[in-house]
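Asks: Have a look at this prediction, sequence included:
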Amino acid sequence: MAARRSTLWDEFIRMQEEMDRLFETFFRGSPFFRRSSAGTPLLEGPSRRAETGIVESDYRQPLTDIWETDKEVVATVELPGVDKKDIQINATDDGIEIKVEKKDEKKEEKKGMFRLERVYSGFYRFIPLPANVNADKTAATYKNGVLELRVPKVKAKKGREIKVN
């Protein structure tokens, strides 16, 4: 059988595999590194996983646009394929945490065999906020896969003059 001739595309694949090996070596042992379900390297936050690969977690950081007006800070967060009921938003003093978790469980039973696979996937994003906002009054709407957050600004308190004695 004749050997297959190498193509330019083969060289790209070889370079990608080499970069994957270097990346994995650099981040080995880090709690933020693992391989995705597709087998490619993935940086992520803490996740649930078993070394068997049966329980997986693929959390992504969603695309986010943030801008500021005179009255509020506005953020749009892309969450495609997410049900509104799965979105968790937590307002803290220094920012807003957005978490979406989707659990998928597949069971298969045949004579003499039982298989159960679980996949956890979702999105996670922390949006830091400036000090001049009231995060407790954040308004959230979700439409067509886009979450919109509106955080009202608070009026800056006027300072008072302090005399030096």
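Replies: Yep, it's here.
Asks: Show me which residues of the host helix or strand of Tyr124 are buried.
Replies: Tyr124 is located in strand 113-128, with elements delineated by DSSP states H and E. Within strand 113-128, the residues scored as buried using 16 or more other CB atoms under 10 Å are Tyr120, Ser121, Gly122, Phe123, Tyr124, Arg125, Ile127. Any C-beta I mention is one placed from the backbone N, CA and C, and that applies to glycine too.
Asks: now swap in stretch 63-75 and tell me
Replies: Residues of stretch 63-75 classed as buried under the neighbour-count rule (16+ other CB under 10 Å) are Glu72, Val73, Ala75.
Asks: Got the domain ranges for this structure?
Replies: The record assigns the chain these domain ranges, following automatic domain parsing: 8-43, 44-152.
Asks: Kindly reformat the ones you listed as CSV containing distance to Lys163.
Replies: Rendered in CSV, the data for the domains of the chain read as follows (distance: least, CB to CB, whole Å):
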stretch, distance to Lys163
domain 8-43, 52
domain 44-152, 27
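Asks: Give me whichever of the ones you listed is most buried.
Replies: Between the domains of the chain, domain 44-152 has the highest mean count of neighbours, a mean of 14, where neighbours are mean count of other CB atoms under 10 Å.
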